[in-house]
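Trainee: Mind looking at a prediction? Sequence and model below.
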Amino acid sequence: MEDHRVGPLLRELPREQAREGFTARVLARLDAPEPQPWLHSRRYRLVFATAALAAVVASAGILQVHTGRQEALRTAEARKMLRELRSEHDSLKQELQSLSQPPVVYLGGDDEVDLVVDLSRVQSARF
């Protein structure tokens, strides 16, 4: 349909009439005090406070669980290090004991004879 023919067709339509008392209702609504915004109502404040408290409690719980896990990991790591240190200590202790036994001393020799003294058999040696 062409644009110049639309205007007359629209004018032929019946006009819409407002219901009875429409203007009075609109004016009464405009004169009425503004309703209190829901943000300032007691119910909203209570819901917000409850939600904030729940968030704080949940955060504290998560933090405590996280801290507990970290503590458990540190404890396990410390125990592992302690086992390694004890193992190293034992091996060093055995090595020290083997070194503390009286040594054998090589005194020299030639092509036919080597002179070796076992100090554990010498009575005056104290080791």
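Mentor: That came in fine, so what should we check first?

Trainee: in the chain, which helix has the most residues?
Mentor: The helix spanning the most residues in the chain, taking DSSP state H as the definition, is helix 42-100.

Trainee: what's the distance between Asp3 and Ala49?
Mentor: Distance of Asp3 to Ala49, computed by Cβ to Cβ, to the nearest Å: 60 Å. Yep, even glycine has a C-beta here, placed from its N, CA and C like the rest.

Trainee: which of those two has more neighbours?
Mentor: Ala49 (10 against 6; other Cβ atoms under 10 Å).

Trainee: hmm, back to that, and the longest helix of the chain, how far from the chain's centre?
Mentor: 12 Å (Cα atoms, centre = their mean, to the nearest Å).

Trainee: again with stretch 94-102
Mentor: The mean C-alpha position of stretch 94-102 is separated from the chain mean by 50 Å, Cα atoms, centre = their mean.

Trainee: Could you check the pLDDT of the residue in the chain sticking out farthest from the centre?
Mentor: Relative to the C-alpha centroid of the chain, counting by Cα atoms, centre = their mean, Glu112 is the outermost residue, at 75.8 Å. The score at Glu112 is 89. That number is its pLDDT.

Trainee: so who does it touch?
Mentor: Residues near Glu112 by Cβ atoms under 8 Å, 6 or more residues apart in numbering: none.

Trainee: For Ala18, which phi and psi angles does the backbone take?
Mentor: Main-chain dihedrals, Ala18, degrees, to the nearest 10: phi -70, psi 150.

Trainee: what about it, neighbour count?
Mentor: That count, for Ala18 with other Cβ under 10 Å as the rule, works out to 9.

Trainee: Alright, calling it a day.
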